[in-house]
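Visitor: Kindly generate the corresponding structure for this input.
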Amino acid sequence: MIFEKKIFARLVSFGVQTGIGVMLAALTGCAFLQQPAKEIKAIEVTVPAKPSALTEEAEAALKVAEQSVLEARAKRALWIAAVEHLAKAREAAKVFDSAATLTHSKEVVALCALSLQQLSAPPVKW
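Guide: This is a model prediction of the structure:
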């Protein structure tokens, strides 16, 4: 009980001391501390619109790449790298990234052509 009275007395005395200080600061110096409000100019930020479709060239390249993979798979000459690039091209097509779709599709076609050419090459003799 005595402890609670001491804490309460200290809080009251601290409050009185700071309260008087706050009152004096409010009466004397607060007017000088407040600065006039500055005009804030609105900045317009334009976000480029997300593409909603692939370009015709990218769509055509993806179809050709898929056909090339089917052809190489039918002849059992499909390379893993071609399948990986086809997966990357399909992922890029899902987010409508025409440039990446086109790049990966062209790589798929080139790899499938090389894998089919490899079939006509003579086997290597050790």
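Visitor: CA atoms for contacts and neighbours, from now on please.
Guide: Will do.
Visitor: Secondary structure class of residue 60, three-state.
Guide: When the structure is reduced to helix, strand and coil (DSSP: H, G, I helix; E, B strand; the rest coil), residue 60 reads as helix.
Visitor: Look at it and say how many residues are nearby.
Guide: When neighbours are counted by other CA atoms under 10 Å, residue 60 registers 14.
Visitor: What of residue 61?
Guide: For residue 61, the count of nearby residues is 22 (other CA under 10 Å).
Visitor: Same check on residue 70?
Guide: 14.
Visitor: Residue 56 versus that one, what's the distance?
Guide: Here residue 70 is placed at a distance of 21 Å from residue 56 (CA to CA, to the nearest Å).
Visitor: what pLDDT does the most centrally placed residue in the chain get?
Guide: For the chain, the residue sitting closest to the mean C-alpha position, by CA atoms, centre = their mean, is residue 95 at 12.0 Å. Each residue has a pLDDT score; the one for residue 95 is 93.
Visitor: Residue 48 too?
Guide: Reported pLDDT at residue 48 in the predicted model: 74.
Visitor: Pull up the gap between it and residue 76, please.
Guide: 44 Å.
Visitor: And those two? Which one has more around it.
Guide: The residue with more neighbours, out of residue 48 and residue 76 and counting by other CA under 10 Å, is residue 76; that gives 12 against 6.
Visitor: any idea which helix or strand carries residue 86?
Guide: Of the helices and strands defined by DSSP states H and E, residue 86 is found in helix 80-94.
Visitor: Show me what counts as buried in that helix.
Guide: Residues 82, 83, 85, 86, 87, 88, 89, 90, 92, 93 are the ones in helix 80-94 that count as buried (16 or more other CA atoms under 10 Å).
Visitor: list the contacts for the residue nearest to the centre of the chain?
Guide: Contacts of residue 95 were listed using CA atoms under 8 Å, 6 or more residues apart in numbering, and none were found.
Visitor: so where's this structure uncertain?
Guide: 1-37 (pLDDT under 70).
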